Structure formats: C-alpha cells, structure tokens
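Undergrad: Attaching a predicted model along with its sequence, questions to come.
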Amino acid sequence: MMRAVTVMAAALAFGGTAVLAAAPAEEAATDGRALYDQRCGGCHLEGGFGTRVLSRRVPEGQALLEEREVLPAAFVTLVVRRGLGSMPQIREAELSDADLAAIAAYLETGQ
Amino acid sequence: MIVLDAGRLDAALNRFAAIVGEEHVWRGDDAAHAYKDAMAPREPLSYAPRGAVAPASVEEVQAVVRVAGELGVPLWPVSRGKNFGYGGAAPRTGEVVMLDLIRMNRILEVNVDMGYVVVEPGVGFDDLYHYLVDNDIPLWMSAPAHTWGSVMGNALERGVGYTPYGEHASKVCGLEIITGTGELLRTGMGALEGSQTWQAFPYGFGPSWDAAFMQSNFGIATKMGLWLMPEPEHTINLAMSMERIEDLLPAVDALRPLKLDGTVQANPSFGNIIRSLAVRGPRSTFYSGTGAMPPEALERARQQAGTGHWNFSVRLFGDKQVNLINAEKVKAAFAAAVPYEFEASEWNRGEELRGSGHPTPSLGALGVVDWLGGPGGHLTFSPVSVFSGEEAWRQYTTVRAMYEDAGFDYYGGFTAGQRYLNHISMIVFNRDDEEMTGRANRLFSNLIETAARNGWGEYRTHTLFYDEVARSYDYNNGALRRWNEAVKDAVDPHGIIAPGKMGIWPRAYREAGE
C-alpha cells in the first residue's frame, strides 16, 4: 500500500507536467518552431499524412510547410481554423490564438 | 425541430462567459467552423452548432449546466472532438451550444500497483502516451488507429484498440458525472465517501451505471478511471497476408477458439486489400477507372503492392516463454486452415517501443480519407458479426456488393472481440463532389436497412444516422428505445444534454416530432 500512495503522490506531481504539455498555453508562446513540431508535426513533418497529400498538390519541394517559399501567416491561420482539403480544422480551445500566431509567424518567416 | 432563438442563445452565451471568461465562449461563424464535421457527408454547416463554451473545471461545468437548464439551452458535450467518420465534434442538430471539455485535460492519478489511470475528458492518447513513457511508468495504454482523440471520449463511445485491453469500454472503472440538473455524482465505489476502491471494483452497491453513461446522453462525464495493462516482458507479432478473398472464412474460424480460450487476448483485425492499399497511396496509384475497382484490377494492385486480399496480425503479450508456446499454438491452428505462413517479429522489454504493440502517437490512419484524391471524407459503417467464418462471409459479401453497386470500393475489415467481430467498413468519398456524397448517404441508409433485415446491428454510427440505427433496434416495438427515453426524461428533466444522441430525444423534442 505504501508504494501505491507514493506513486499516487508522484503522479500528482507528474500531473502538473502533463497539464503543461497538453493544455493550450494561456500565455503567448514564442517558440514557433517547437510548437510547430509539437502541434503540427504529426502530419506535416517528413513522412506525415499532410506532407504526402501536399506532395501531390503543390510544386515539387513545397510539400513540407517549413520549406515552403511563400506561406503567409494569414493563410496558415485561416486553414487551421477552417480546415482545407483533407485537413480538419483545429479550434481555439485546442490551439490558442497565441500559439497559432507563433506557428504561423514561424512558417512565414522561418524563425 | 426545436430552434434555439437568438435572444435565448445570446442570454446563455453571456452568462456562460461570466462563468468561464469571454475568451472561452464562441459565437456565430467562429463556433460553427470550429465544431463542424470535418469529414461531413453533407454540407457541414447544416448541422454545425450555434455557439460553444469551454469550461476548465467541474464547478464551471456545473454552473454552465445549471444556466442551460434554467434557460432551456441544449448543450452538446465533447471531449476532444476527434470522432472522425462518426461526426467528429459535430452535434446531431445545430440548435445547440457545444460544451467543449478539452480544457479539462489533467491526468489526475496513475496508480502503478493497481494498474489504472484517472483522466479528465480532454486528455488525448498522445498526452497519456508521453506521460507514461516520459515518466518511465511501466503501464501500457491501448489506443485506436489514430491517437489524436480523447482517452475518455473513445472509451465512452466504446472504441477499440489492439492490446489485450483493446475493448476500451470494458476497462472503464468509475465515472464522475454531472447530471442534467448540475448535480455531481460518482459511480460504483466512488459513491462511498472515502472509498479507496473506486478504480478497482467496477460495480459498487445496487445498479451499476458506468455502462449507462456510454454512448448515452444521461449525464456529462468529467472523470474516468481506466485500467492500464502492466508492461509485458515480451511481445511477439505474427503477421499474415492471405491471397484469396475466400480465405476469410477458415481464418475467422481458426481464430475463434484462440480468442475464446484466452490464447489470443488482443483484438486481431482482418483488414481487406483496400485498407492495405490506402496507406500506401491514393487509388490513382493503382487504378484510373471510375466506379468500384473490378476484381482483376484489385488482383493487379495486390501483386503490385505485395499485399494480401486480407491482412492481419496476431500479437501475443506477456512472458516470453508463455508467448512462444502460444505462438506455436496459433501457428498450428492457422496452418490447418490456410496455406500461408506467419511472419514473426519479437519485442523484449527495454527495446524501442515502436513495433512492440504499445501504440505510439500516430495520425497516419487519417490518410485513408485521401483514397479518391480528396478533399476526403468518410462514413464508418460498423455492424457486429457473429464470430464465425460463414457469418462473417455472409456479412462481407452482402456489404461489399452494396458498396460496389453504389460505385464505392469496399474498405473494411473484421476486428475480433472475445465472442464477436466488429465489421468496420468505411465509405470514402470526396467531400466536394455532390453526386458522390449523395450516393454515400443513400448507401449508408441502405446498409442500415439491409443490416437490420439480416439481424445485424451497428455498434456505433455517425451523428446523422443515430435515428435510423436506433430504430433498427426494434425488439418488442422498440422497448429499449422507450426505456432509454423514460430514463432520459427522468435524469435530464430540462432535456438539455445532447438531444438526439444515439437516437435518444428528450420529451420536448419527441413532442415536436423528432
């Protein structure tokens, strides 16, 4: 029983970490690249579903969003909030405006 | 249809904003686009919601429910809203306010000794995976094909995964529920103040209610206990591709005794050739004609891709010595049934998790919606089948013929429970093709009707087809549906929780002709 209690207490501490990892950030995020990897990477990194789909729809070498020559932040914002093609929309309760702005700025500027 | 008038809606959203903050309330187009069905077989905004509110705590949910009851504003609760193919986040009717629980995303407890986790609705499979792995917690989760969705939402919708704990609903132990009047209750042993067995003994005292809050609209779940599997010492995966469609019969019959006696504890899934091809690329890679791919084109594609007409794997989890003995038993059973050999791969504790059988974060399964070139959508048709080769074959040939007559490729397979098969097939269509989506909708209704005529019921369905499936469960003049309505009216007197969910309408909606 002692072990269970210890683990439960530790788990509650871990719980704090998990909340930070999973919750939409309440504060303005600055690291657009890290956010992109975390929130968009499941589909839009090398080998992802989004990259595969885009490779058939955009000029060669432009399927990876991070390598896109022109990708305006306003376009990214609209696509994320409304969805486009086979990509479902992602709502504000899931991805905050601040995080989306950081991601969109990273994709537009590369920084 | 009961229309939510603008004055009442505004009044509710203003009061919700006072509870959760204006930044967590959405109105008009913002709400409609945020929660529309991303895989919609019809105009998605035709059943998109009028507003949304995202509380962050139990107390906020209770306050929102009380206001909704007072004003008569229906709520449509969602956890993460990734129930793709079954409507996503979208409600049955757009005349509701979404109750978005994604901000309640804490993993409240992991108990290693007892092997369970307590989660809030917004916790995703990816979150739980990282939590367990990053903290070296020796428990494994089970997950469906894509890991974007909610652990709780999936279990409460009776989703399936592919470990021995893959029948997720059966691993739920203890729920916290907010009722239609805003009261808070806990099921099972959680009803006893100070109990330490809420997540250990599922039944409690008197009627057990966990199952009644699954695929239902009797309450809003805010906490869920879920049993997790202790990390095994070893796994072995036995993969087989079968070249002929008729191989399904003997293979199903070979698997059944192994599931019944517990030799195979996970849920093997016999996937058809289209399911295999669709993860490799769009249909145009294999075939350029219109209508369903004819048999000779399928055979060419099969050989081109080096896959089977049916593909499946049996994965065994546990101690190595036991797994190796059971693997021989599995091999012998299939060797007596079909002329193919298994390809085996093993995993030992301490090795890289990918390929172990512990699901790792993946969205790859979503790629199948692009089978026809997209923008893709899909409708998932999921009747339960008797666990016999003959019955599975009858269901497969009936359903496949209907798909092909309607001009669609049959994409599907049979996932084995202990005593049943879930026959899960998907109508994949291009959302921007009105003629094609019309055909998809008609096919879906015809499938429901044909299935019911044959005594086959769906275990789950798309939001738009709740009523049709609910009506097909018609024993004794729909006695169970009438029972569900009686319960609904008693536990949700204002009729505000998810009206129409699973075909269960509150009294006012029934009187209005729903």
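TA: Thanks, I have the structure now. Note that the coordinates shown come from a computational prediction; the quantities given were computed from them, not determined experimentally.
Undergrad: Which parts of chain A are helices?
TA: Along chain A, counting by DSSP state H, helices occupy A:2-22, A:32-44, A:49-55, A:73-82, A:97-109.
Undergrad: looking at those, which one has the lowest mean pLDDT?
TA: Least confidently modelled of these is helix A:2-22, at a mean of 35 by mean pLDDT.
Undergrad: Please name the nearest non-neighbouring residue to the residue most central in space within chain A.
TA: When CA atoms, centre = their mean is applied to chain A, the residue found nearest the centroid is A:Arg39 (1.9 Å). What sits nearest to A:Arg39 in space, not counting adjacent residues and going by CB to CB, 6 or more residues apart in numbering or on different chains, is A:Leu95, at 6.0 Å. Every residue, glycine included, has its C-beta placed from N, CA and C.
Undergrad: Reduced to three states, what does B:Arg275 come out as?
TA: Secondary structure assignment for B:Arg275 (DSSP: H, G, I helix; E, B strand; the rest coil): helix.
Undergrad: was I right about it contacting B:Tyr411?
TA: Yes: counting by CB atoms under 8 Å, B:Arg275 does reach B:Tyr411; the two are 5.6 Å apart.
Undergrad: can you list residues touching both of these two?
TA: Taking CB atoms under 8 Å, 6 or more residues apart in numbering or on different chains as the contact rule, B:Arg275 and B:Tyr411 both touch B:Val368.
Undergrad: burial count for residue 74?
TA: In the absence of a named chain, this looks at chain A. By other CB atoms under 10 Å in any protein chain shown, the residues close to A:Ala74 number 9.
Undergrad: my bad, the chain I had in mind was chain B
TA: Number of residues near B:Pro74 (other CB under 10 Å) recorded here: 30.
Undergrad: B:Asp492 versus that one, what's the distance?
TA: Distance, B:Pro74 to B:Asp492, using CB to CB, to the nearest Å: 10 Å.
Undergrad: Can you give me the buried ones in the helix or strand where B:Lys488 lies?
TA: Assessed by DSSP states H and E, B:Lys488 sits inside helix B:475-491. In terms of neighbour count (16 or more other CB atoms under 10 Å in any protein chain shown), helix B:475-491 has its buried residues at B:Gly478, B:Arg481, B:Asn484, B:Glu485, B:Lys488, B:Asp489, B:Val491.
Undergrad: For the third one, which non-adjacent residue is spatially closest?
TA: By the measure of CB to CB, 6+ apart, the closest residue to B:Asn484 outside its immediate chain neighbours is B:Ile504, 4.8 Å from it.
Undergrad: Would you check how far apart B:Asp433 and B:Leu366 are?
TA: B:Asp433 is 19 Å from B:Leu366, where distance means CB to CB.
Undergrad: Of these two, give the one with the bigger neighbour count.
TA: Legend: neighbour count by other CB under 10 Å for B:Asp433 and B:Leu366, higher for B:Leu366 (27 against 15).
Undergrad: Hmm, the residue nearest to B:Asn484 is touching B:Lys488, no?
TA: Yes: here B:Ile504 lies in contact with B:Lys488, judged by CB under 8 Å, at a distance of 5.3 Å.
Undergrad: Phi, psi for the residue nearest to A:Arg39 please.
TA: phi -130, psi 110 (degrees, to the nearest 10).
Undergrad: As a markdown table, the buried residues of helix B:475-491 with pLDDT and distance to B:Gly94 would be great.
TA: Formatted as a markdown table, these follow (pLDDT from 0 to 100; distance: CB to CB, whole Å):
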| residue | pLDDT | distance to B:Gly94 |
| --- | --- | --- |
| B:Gly478 | 96 | 26 |
| B:Arg481 | 96 | 23 |
| B:Asn484 | 98 | 23 |
| B:Glu485 | 97 | 22 |
| B:Lys488 | 98 | 20 |
| B:Asp489 | 98 | 23 |
| B:Val491 | 97 | 24 |
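Undergrad: I'd like the residues you listed laid out as CSV, including distance to B:Phe444.
TA: Listed next are the buried residues of helix B:475-491 as CSV, based on distance: CB to CB, whole Å:
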residue, distance to B:Phe444
B:Gly478, 21
B:Arg481, 20
B:Asn484, 23
B:Glu485, 24
B:Lys488, 25
B:Asp489, 30
B:Val491, 31
